[in-house]
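S.K.: okay, sequence plus prediction incoming.
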Amino acid sequence: MMEILERTELCFPELLNTSCRKTIRPQYEIMTAYILMSSICLLTVVLNLLVIISISHFKQLQTPINILLLSLAVSDFLV
(Lines give C-alpha, C1' and ligand atoms only; values in the text may rest on other atoms or scores of the structure.)
Protein backbone atom coordinates (compact mmCIF):
# COMPACT_ATOMS: atom_id res chain seq x y z
CA MET A 1 0.00 0.00 0.00
CA MET A 2 2.82 2.38 0.86
CA GLU A 3 4.49 1.75 -2.51
CA ILE A 4 1.27 2.69 -4.32
CA LEU A 5 0.98 5.94 -2.36
CA GLU A 6 4.59 6.87 -3.14
CA ARG A 7 4.06 6.32 -6.88
CA THR A 8 0.94 8.46 -7.10
CA GLU A 9 0.61 12.17 -7.49
CA LEU A 10 -2.38 14.38 -6.97
CA CYS A 11 -4.57 15.47 -9.88
CA PHE A 12 -4.73 19.05 -8.59
CA PRO A 13 -1.76 19.57 -6.25
CA GLU A 14 -2.33 23.33 -5.99
CA LEU A 15 -5.74 22.71 -4.37
CA LEU A 16 -4.37 20.20 -1.85
CA ASN A 17 -7.22 17.85 -2.69
CA THR A 18 -6.06 14.35 -1.79
CA SER A 19 -9.21 12.60 -3.02
CA CYS A 20 -8.04 12.58 -6.64
CA ARG A 21 -4.86 10.62 -7.20
CA LYS A 22 -3.41 9.78 -10.58
CA THR A 23 -1.06 6.86 -10.88
CA ILE A 24 2.20 7.11 -12.74
CA ARG A 25 2.32 4.52 -15.50
CA PRO A 26 5.52 2.67 -16.39
CA GLN A 27 7.47 3.92 -19.40
CA TYR A 28 7.08 0.66 -21.36
CA GLU A 29 3.29 0.84 -21.01
CA ILE A 30 3.20 4.40 -22.34
CA MET A 31 5.48 3.54 -25.27
CA THR A 32 3.42 0.44 -26.11
CA ALA A 33 0.24 2.53 -26.22
CA TYR A 34 1.91 5.18 -28.42
CA ILE A 35 3.27 2.58 -30.83
CA LEU A 36 -0.08 0.77 -31.03
CA MET A 37 -2.07 3.97 -31.65
CA SER A 38 0.45 5.24 -34.21
CA SER A 39 0.34 1.92 -36.05
CA ILE A 40 -3.46 1.98 -36.16
CA CYS A 41 -3.44 5.55 -37.52
CA LEU A 42 -0.83 4.73 -40.16
CA LEU A 43 -2.71 1.60 -41.21
CA THR A 44 -5.94 3.60 -41.53
CA VAL A 45 -4.28 6.22 -43.72
CA VAL A 46 -2.63 3.61 -45.97
CA LEU A 47 -5.81 1.58 -46.43
CA ASN A 48 -7.92 4.68 -47.14
CA LEU A 49 -5.38 5.72 -49.76
CA LEU A 50 -5.54 2.22 -51.24
CA VAL A 51 -9.33 2.46 -51.55
CA ILE A 52 -9.16 5.97 -53.03
CA ILE A 53 -6.50 5.09 -55.59
CA SER A 54 -8.01 1.77 -56.66
CA ILE A 55 -11.56 3.06 -57.11
CA SER A 56 -10.35 6.18 -58.89
CA HIS A 57 -7.98 4.32 -61.20
CA PHE A 58 -9.95 1.25 -62.29
CA LYS A 59 -13.08 1.95 -64.32
CA GLN A 60 -14.64 -1.44 -63.42
CA LEU A 61 -14.75 -0.39 -59.76
CA GLN A 62 -16.66 2.82 -60.39
CA THR A 63 -20.11 1.54 -59.49
CA PRO A 64 -22.58 3.57 -57.38
CA ILE A 65 -21.81 1.52 -54.27
CA ASN A 66 -18.08 1.93 -54.73
CA ILE A 67 -18.48 5.66 -55.30
CA LEU A 68 -20.16 5.78 -51.89
CA LEU A 69 -17.21 3.86 -50.45
CA LEU A 70 -14.86 6.28 -52.18
CA SER A 71 -16.57 9.27 -50.59
CA LEU A 72 -16.41 7.59 -47.18
CA ALA A 73 -12.70 6.84 -47.65
CA VAL A 74 -12.01 10.44 -48.71
CA SER A 75 -13.89 11.89 -45.76
CA ASP A 76 -12.16 9.48 -43.37
CA PHE A 77 -8.80 10.37 -44.90
CA LEU A 78 -9.43 14.11 -44.51
CA VAL A 79 -10.46 13.77 -40.88
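M.R.: Happy to help now that I have it. Computed from a predicted structure; not experimentally measured.

S.K.: so what's the residue nearest the centre of the chain scoring on pLDDT?
M.R.: Note on the chain: the residue nearest the mean C-alpha position is Met37, at 4.5 Å, using Cα atoms, centre = their mean. Looking at Met37, its pLDDT stands at 98.

S.K.: that one in helix, strand or coil?
M.R.: Here Met37 is recorded as helix under DSSP: H, G, I helix; E, B strand; the rest coil.

S.K.: with Leu72 instead?
M.R.: helix.

S.K.: quick one on the thing from earlier: contact partners for the residue nearest to the centre of the chain?
M.R.: Contacts for Met37 (Cβ atoms under 8 Å, 6 or more residues apart in numbering) come out as none. For the C-beta atoms, the positions are set from N, CA and C on the backbone; glycine is no exception.

S.K.: all strands of the chain, in order?
M.R.: Here the chain has its strands, by DSSP state E, at 8-10, 21-23.

S.K.: contacting residues around Val74?
M.R.: Asn48, Ile52.

S.K.: low-scoring stretches of the chain, by residue?
M.R.: Low-confidence segments of the chain, defined by pLDDT under 70: 1-8.

S.K.: what's around Cys20, how many residues?
M.R.: 11 (other Cβ atoms under 10 Å).

S.K.: go ahead and confirm it touches Glu9.
M.R.: No. The criterion here is Cβ atoms under 8 Å, and Cys20 misses it with Glu9 at 10.1 Å.

S.K.: go through the strands of the chain and pick out the most buried.
M.R.: Here the criterion is mean neighbour count by mean count of other Cβ atoms under 10 Å, and of those the winner is strand 8-10, at a mean of 13.
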